[in-house]
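K.L.:
Just the structure for this:
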Amino acid sequence: MTIGIQKTLWGYDKFIGDAKQKMIHLHRNHPDAFDSEKQLMLKYWEFYEQLDLVLEDKYASFKSWFLKCTSPETLTRCHRSLKEEGIIQLSPEKQEQQQEREQEWRTFWGNGARHRGEQ
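P.N.:
Below is the predicted model:
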C-alpha cells in the first residue's frame, strides 16, 4: 500500500490518508512501534504530525516522560466509566451540545439505514 505525500510550506512531508491507512503504512515501515500503545502513539505523532519538530530539543525528555506516564487510553476509559456511573457529569451546556450532536447523528443516519446502503 502506498500513501500519498504532499510537501508543506515548511518543507516537511505531509502524508495524505486517513488514520487507518497511516497505521498500516507505519506498521510496514516501523513494526517496532507496535510493541506498545505508547510507542505507537509517539511514532505516529512523530512520523505523521511532526511532534519531534514541534518539540525540537524537548522531544527526548517528552518521550521519556510519556512512556512512563498513565496512558491516554486508561484516562479515557476511567473518564467514561465515571460519567456512566454518574460520578462525573457534564455541564448543562455540554450536555445540551452532546444531545444536539446525537440528534444530528440520528437524523442523518437514522437506524443505520445509510450505513447499510438503504435510503
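
K.L.:
Break the protein down into its domains, please.
P.N.:
With automatic domain parsing as the criterion, the domains of the chain are listed as 4-68, 89-119.

K.L.:
Can you flag the weakest of the ones you listed by average pLDDT?
P.N.:
Among the domains of the chain, domain 89-119 carries the lowest mean pLDDT, at a mean of 78.

K.L.:
looking at the domains of the chain, which is closest to His79?
P.N.:
Smallest distance to His79 across the domains of the chain (Cβ to Cβ): 10.9 Å, for domain 89-119. For the C-beta atoms, the positions are set from N, CA and C on the backbone; glycine is no exception.

K.L.:
Pull the distance from the helix or strand hosting Lys94 to the chain's centre.
P.N.:
Using DSSP states H and E, the element containing Lys94 is helix 92-109. Centroid separation between helix 92-109 and its chain, computed with Cα atoms, centre = their mean, to the nearest Å, is 21 Å.

K.L.:
What residues sit buried inside it?
P.N.:
When neighbours are counted by 16 or more other Cβ atoms under 10 Å, no buried residue of helix 92-109 is found.

K.L.:
which helices and strands does that helix pack with?
P.N.:
Helix 92-109 sits against no helix or strand, with contacts defined as 3 or more Cβ pairs under 8 Å, 6 or more residues apart in numbering; DSSP states H and E.

K.L.:
what's stretch 83-102 in contact with?
P.N.:
79, 82 (Cβ atoms under 8 Å, 6 or more residues apart in numbering).

K.L.:
From here on, call the first residue 40.
P.N.:
With the count now opening at 40, the last piece we talked about shows up as stretch 122-141.
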